[in-house]
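Undergrad: Sequence and predicted structure, then a few things I'm wondering about:
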Amino acid sequence: MMVNVRPDNGRLGPRAQAIVARVPGVGEAAAAEALRVAGDDVPIAIVVAAGALDRANARTLLDAYGGDIAEVLERLKATGTRVNSNAGMMPVGSGG
């Protein structure tokens, strides 16, 4: 799934919000708020939505794991951060 979308036009805004909702398994309202907090940066918004983190903490986690969102989500789960049990990124071709 391509997550490096910049929601800077009418078509990409809803797509970015849908990605942010789908990956961590949150609702549309939570995804919209995460995008706002993340300054419309989709990878950061996914981490914000997954772990109720602020933008700086989300960026730190992404940087620590080389931008690997799936790894960040697994680490959040492992530390007991409340992450939707469906959160995660499916490998290409896995049907997700």
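TA: Great, that's in hand.
Undergrad: all contacts plus neighbour counts: C-alpha atoms, from now on.
TA: Noted.
Undergrad: secondary structure element for the spatially most central residue of the chain?
TA: Nearest to the mean C-alpha position of the chain, by CA atoms, centre = their mean, lies Ile46 at 1.2 Å. In this assignment (DSSP states H and E), Ile46 forms part of helix 42-51.
Undergrad: Moving C-terminal from that helix, which element do we reach first?
TA: Immediately after helix 42-51, counting by DSSP H and E, sits helix 55-64.
Undergrad: which strands and helices sit next to the helix or strand following that next one?
TA: Remark: after helix 55-64, the chain's next helix or strand is helix 69-78, criterion DSSP H and E. The elements that helix 69-78 packs onto, with contact taken as 3 or more CA pairs under 8 Å, 6 or more residues apart in numbering; DSSP states H and E, are helix 42-51, helix 55-64.
Undergrad: rerun at 6 Å
TA: Taking 3 or more CA pairs under 6 Å, 6 or more residues apart in numbering; DSSP states H and E as contact, there are no helices or strands that helix 69-78 lies on.
Undergrad: Perfect, that will be all.
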